[in-house]
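Visitor: sharing a model that was predicted from the sequence below.
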Amino acid sequence: NFSIVMNESFKPKGHFERVIITNYFQCAYWMKPEIAQHLTKGKLVELSGRIGVNAYKDHEGEAKANLTFHVNSIKFHGNGKLLLEADSETPQLVKQTEDDLPF
């Protein structure tokens with residue numbers, strides 16, 4: 001299990017300062033545990049998977065819930081044009097030769 005942070009920023013119409021929104025997401029990934037050593041603070045990652053809900057009762061008996069992102073694959077971006085493919089047979093660094101954007 002690990003968590004990721006997603007920062008979004010925008011400038012509301014008629015304002016001069018940008019608004020920054022930070023969201024934290026709990027993630028679960030059990031396919032290749034050795035990838036955990038590469039999940040470090042500040043690393044840019046791309047995740048694919050599905051969202052699940054965990055329901056529980058706290059110590060006072062009040063119902064609570066949280067979302068967990070169940071990760072199927074992880075791609076690490078950064079370090080120039082290198083990325084780490086976590087969903088391949090063995091995690092390895094792969095040199096990108098073209099932009100992989102879908103547009």
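Guide: Great, that's in hand. Bear in mind the structure is a predicted one, so any value in this text is a computation, not a measurement.

Visitor: alpha carbons only for contacts and neighbour counts from here, please
Guide: Fine.

Visitor: so F10 sits right up against V19, yeah?
Guide: Yes - F10 is within contact range of V19, at 5.4 Å (criterion: C-alpha atoms under 8 Å).

Visitor: which elements pack onto the helix or strand L47 falls within?
Guide: Assigned by DSSP states H and E, L47 belongs to strand 44-57. Contact analysis of strand 44-57 by 3 or more C-alpha pairs under 8 Å, 6 or more residues apart in numbering; DSSP states H and E lists strand 63-78 as its packing neighbours.

Visitor: between the strand it packs on and strand 44-57, how many degrees?
Guide: 170 degrees (axes from the mean of the first three to the mean of the last three C-alpha atoms, to 10 degrees).

Visitor: buried residues in stretch 24-31?
Guide: C27, A28, Y29 (16 or more other C-alpha atoms under 10 Å).

Visitor: low-confidence stretches in this protein?
Guide: 79-103 (pLDDT under 70).

Visitor: so N7 touches I21, yeah?
Guide: Yes - under the criterion of C-alpha under 8 Å, N7 makes contact with I21 at 5.8 Å.

Visitor: out of the buried residues of stretch 24-31, which is nearest to I35?
Guide: Distance ranking of these against I35, using C-alpha to C-alpha, places Y29 first at 9.3 Å.
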